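In: quick one, what's the 3D model for this:
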Amino acid sequence: MTTLDRRLNAHRADLADASLEGRVKANRFIAGTPARIGAPIADVHSAPRLDAGMDTQFLHGDAVRVFERREGWAWVQAGHDGYVGYVNAAALAAEDFTPTHRVRAQRSFVYPEPELKKPAIAAHSMGAAVCVTETVENRGTQYMLLASGGAMIAGHLQPLGVHAEDYVAVAETFLHTPYLWGGTSGFGIDCSGLVQLSMRMAGKTVLRDTDMQADSIGDLINPAETALKRGDLVFWKGHVAIMLDPEMMLHANGNTMNVAREPLSDAIERIERLYGRPSHYRRP
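Out: This next block holds a predicted model:
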């Protein structure tokens with residue numbers, strides 16, 4: 001039997017995704033049940049324990065397949081990037097819904113009614129998907145009403161089929177956002193999360209973790225032969241940065257603990273002492 005990456009393949013000794021039958025050993029194979037994330041953000045763990053650490057996060061409206069619910073945890077696989085892990089079962093929506101819009105602002109509040117002076121009842125990150133029922137106006141401000149209840153600022157939402165033209169411009173809106181290991185949202189984000197979410201807003205689906213991205217996004221380039229340009233990606237072991245121009249890059253990093261601009265030459269010198277020089281350069 002083949003050894004498959006647990007991050008992208010739902011398999012355990014006792015239970016596995018039906019699509020993996022014949023490729024892995026398991027006592028039982030099931031197809032999983034469709035569901036969506038109902039919480040604003042769902043932390044994803046490698047095991048059904050908080051001390052297992054957080055691998056990634058799913059956002060409100062993300063489609064998942066649920067393979068198991070047990071003792072307050074759900075073992076799921078995300079539809080958009082295939083990531084597998086355990087989330088708090090309460091983070092799953094009680095009822096399925098069909099999103100119509102996606103949050104385009106870095107962060108946006110949900111109000112109990114179309115009135116921005118009311119205390120917010122929730123907050124969503126860029127990338128979260130919601131179901132809009134209608135648009136209303138109150139004192140000159142446009143709101144969109146949600147099927148789940150509440151209202152959001154209309155200008156903070158866009159139809160699902162609308163995408164940004166430049167993923168780097170999206171990434172730049174995250175400047176100074178706090179660094180969070182495993183984070184994928186406007187409330188806290190890591191290096192590969194920044195790449196993934198920015199590209200997702202530009203209509204491009206990419207894998208989640210740095211090693212996956214280094215092996216799959218775009219084409220390998222050699223900076224000694226091809227000058228770097230805006231949008232190119234620079235990979236180190238366990239890290240990735242987005243080039244803003246041939247010399248300056250943007251990355252979520254543990255050095256400044258936020259999303260920051262940094263000259264590529266400075267980053268290479270600083271990171272080399274701990275992790276070596278860049279391993280890959282890729283052009284999406």
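
In: pLDDT below threshold where in the stretch 1-150 of the chain?
Out: Counting by pLDDT under 70, the stretch 1-150 of the chain contains low-confidence ranges at 1-2.

In: now the helices for this structure?
Out: Using DSSP state H, the helices of the chain run over residues 167-172, 191-201, 210-216, 264-275.

In: now the last one: how far from the chain's centre is it?
Out: For helix 264-275, the separation from the chain centroid amounts to 26 Å (computed by C-alpha atoms, centre = their mean, to the nearest Å).

In: helices and strands around it, which ones?
Out: strand 233-236, strand 239-243, strand 248-253 (3 or more C-beta pairs under 8 Å, 6 or more residues apart in numbering; DSSP states H and E). For every residue, glycine as well, the C-beta is placed using N, CA and C.

In: check the first one too.
Out: Contacts defined by 3+ C-beta pairs under 8 Å, 6+ apart place helix 167-172 against helix 191-201, strand 248-253.

In: can you list the buried residues in the longest one?
Out: What it means is helix 191-201. 191-201 (16 or more other C-beta atoms under 10 Å).

In: tell me the mean pLDDT for that helix?
Out: For helix 191-201, the mean per-residue pLDDT is 98.

In: can you list the helices of the chain in CSV and add distance to residue 113?
Out: Shown next, in CSV, are the helices of the chain (distance: least, C-beta to C-beta, whole Å):
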stretch, distance to residue 113
helix 167-172, 30
helix 191-201, 28
helix 210-216, 41
helix 264-275, 47
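
In: so the spatially most central residue of the chain bridges to which residues?
Out: With the centre of the chain defined as its mean C-alpha position, the nearest residue by C-alpha atoms, centre = their mean is residue 184, 4.0 Å away. Beta-bridge pairing for residue 184 (DSSP bridges): residue 189.

In: per-residue pLDDT of it, please?
Out: pLDDT, residue 184: 98.

In: residue 209 versus that one, what's the distance?
Out: As judged by C-beta to C-beta, to the nearest Å, residue 184 and residue 209 stand 11 Å apart.

In: give me the common contacts of these two.
Out: residue 56 (C-beta atoms under 8 Å, 6 or more residues apart in numbering).

In: burial of residue 36, as a residue count?
Out: Counted with other C-beta atoms under 10 Å, the neighbours of residue 36 add up to 21.

In: skipping adjacent residues, who's closest to it in space?
Out: Nearest residue to residue 36, sequence neighbours excluded (C-beta to C-beta, 6 or more residues apart in numbering): residue 93, at 4.7 Å.

In: got it, and residue 185?
Out: In this structure, residue 185 finds its nearest non-sequential neighbour in residue 125, 3.5 Å apart by C-beta to C-beta, 6+ apart.

In: report how many residues lie close to the one you found.
Out: As a burial measure, residue 125 scores 23 neighbours (other C-beta under 10 Å).

In: residue 13 too?
Out: 9.

In: and the closest residue in space to it that isn't next to it in sequence, how far from residue 87?
Out: Distance criterion C-beta to C-beta, 6+ apart; nearest residue to residue 13, sequence neighbours excluded, is residue 26 at 6.4 Å. Computed as C-beta to C-beta, the residue 26 to residue 87 distance reads 21 Å.
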